[in-house]
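build the 3D model from these lines:
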Amino acid sequence: MRQRKNDGGKQTPQVVEALGEFVSEWRSLGNTIIMRPSVASFALMMVRSPVSSLEDQTRFECLTRTAAPLNSRSREIVSRQSCRLVSVGRLLKKLSFQPIIETGPGGPIIHPLICEALNTDEELVSTLKKARLESVSVTGYEGPLTEMSLSLSADAERRTQRPSEPPTVTWLVSASKKILPGTGFRGQVRAVYLALDSLSYRLQDLTKQAFSWESE
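Numbering: from 1, shown residues only. Below is the predicted model:
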């Protein structure tokens, strides 16, 4: 990856300039920028800009990983945790994480654990609300980055988990927002970054709380 400063005569993308000191390294692939943060709760961030007049939203994806014991119980919990942030209520709208319902052989499968934990964090929900994101979703995975067929892991650094490394839980946070050009661009991008950092931090914390290091 390139350092935050211009490299090889290439112009630094506007998103990277807006984030400034938050970015340690970056590289661009077409309309997609992959960044490694200097200090954040996530390991990598991808920003995909609209490529046509039919699109008006910028897509953000973050990967955050936490060393955690992967026994049969934790595998069942993490691999099935998936939720999205929605607006609920008719008159007094409020944001709430709702489980994404899976369809199994016996009917719908709902795993609300992560939703309940995130919804109790009023400061987090308030931060996400201030960022005015169009969509937010969270999905849990077992294993390192290369074990997932995700846009970020496919484009970012290829790495394998060596036997000496602890088992890893990875969370993918996806969000989208209509970023308006002009003087407010920097503030909009930074608000998204800080909101996703707060969410990633909470996910790391929940992972550590949920899994005991005791062997089965």
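
what are the bridge partners for the nearest residue to residue 59 once chain neighbours are set aside, then?
With CB to CB, 6 or more residues apart in numbering as the criterion, residue 59 has its nearest non-adjacent residue at 4.2 Å, and that residue is residue 48. Where you see a C-beta, it was placed from the backbone N, CA and C, and this is true even at glycine. With DSSP bridges as the criterion, residue 48 is bridged to residue 32, residue 59.

need the pLDDT of residue 48.
Looking at residue 48, its pLDDT reads 90.

got any ranges where this structure has weak pLDDT?
1-10, 52-55, 68-80, 91-92, 102-112, 143-167, 210-216 (pLDDT under 70).

ok, which stretches of it are helices?
14-19, 72-78, 113-119, 122-131, 151-155, 185-210 (DSSP state H).

what's the closest of those helices to residue 29?
Across these, the minimum distance to residue 29, taken as CB to CB, is reached by helix 151-155, at 5.6 Å.

and the residue lying closest to residue 58 once chain neighbours are set aside, how close does it get to residue 64?
Among residues not flanking residue 58 along the chain, residue 179 sits closest, at 4.7 Å (CB to CB, 6+ apart). Distance, residue 179 to residue 64, by CB to CB, to the nearest Å: 22 Å.

more crowded one of the two?
Neighbour totals were compared for residue 179 and residue 64, and residue 64 leads with 25 against 20 (other CB atoms under 10 Å).

so the more buried one touches residue 45, yeah?
No. Judged on CB atoms under 8 Å, residue 64 makes no contact with residue 45 at a distance of 10.0 Å.

residue 32 and residue 22: what is the separation?
Distance from residue 32 to residue 22, by CB to CB: 18 Å.

how about residue 139?
24 Å.

coming back round to it: now render the helices of the chain as CSV, adding mean neighbour count.
Output for the helices of the chain, formatted as CSV (neighbours: other CB atoms under 10 Å):
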stretch, mean neighbour count
helix 14-19, 19
helix 72-78, 16
helix 113-119, 18
helix 122-131, 15
helix 151-155, 17
helix 185-210, 19
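
quick one: residue 197 from residue 93, how far?
Applying CB to CB to residue 197 and residue 93 gives a distance of 25 Å.

and stretch 180-198, C-alpha only, in CSV?
What follows is stretch 180-198, C-alpha atoms only, in CSV (Å, rounded to 0.1, in the frame of the first residue of the first chain):
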residue,chain,number,x,y,z
LEU,A,180,-22.3,15.8,-1.1
PRO,A,181,-19.4,17.7,-2.8
GLY,A,182,-18.2,21.1,-1.5
THR,A,183,-17.0,22.6,1.7
GLY,A,184,-18.8,20.0,3.8
PHE,A,185,-17.1,17.0,2.1
ARG,A,186,-14.4,16.6,4.7
GLY,A,187,-16.8,16.7,7.7
GLN,A,188,-19.2,14.2,6.1
VAL,A,189,-16.4,11.6,5.4
ARG,A,190,-14.9,12.0,8.8
ALA,A,191,-18.3,11.6,10.5
VAL,A,192,-18.8,8.2,8.7
TYR,A,193,-15.3,7.1,9.6
LEU,A,194,-15.8,7.9,13.3
ALA,A,195,-19.2,6.3,13.4
LEU,A,196,-17.9,3.0,11.8
ASP,A,197,-14.9,3.1,14.2
SER,A,198,-17.3,3.4,17.2
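
offset the numbering so it begins at 526, please.
All set: I'll call the first residue 526, so the last point we hit is now stretch 705-723.

hmm, who's touching that stretch?
539-540, 542-544, 547, 562, 565-567, 570, 585, 587, 648-649, 652-653, 655-658, 698, 700, 702, 704 (CB atoms under 8 Å, 6 or more residues apart in numbering).
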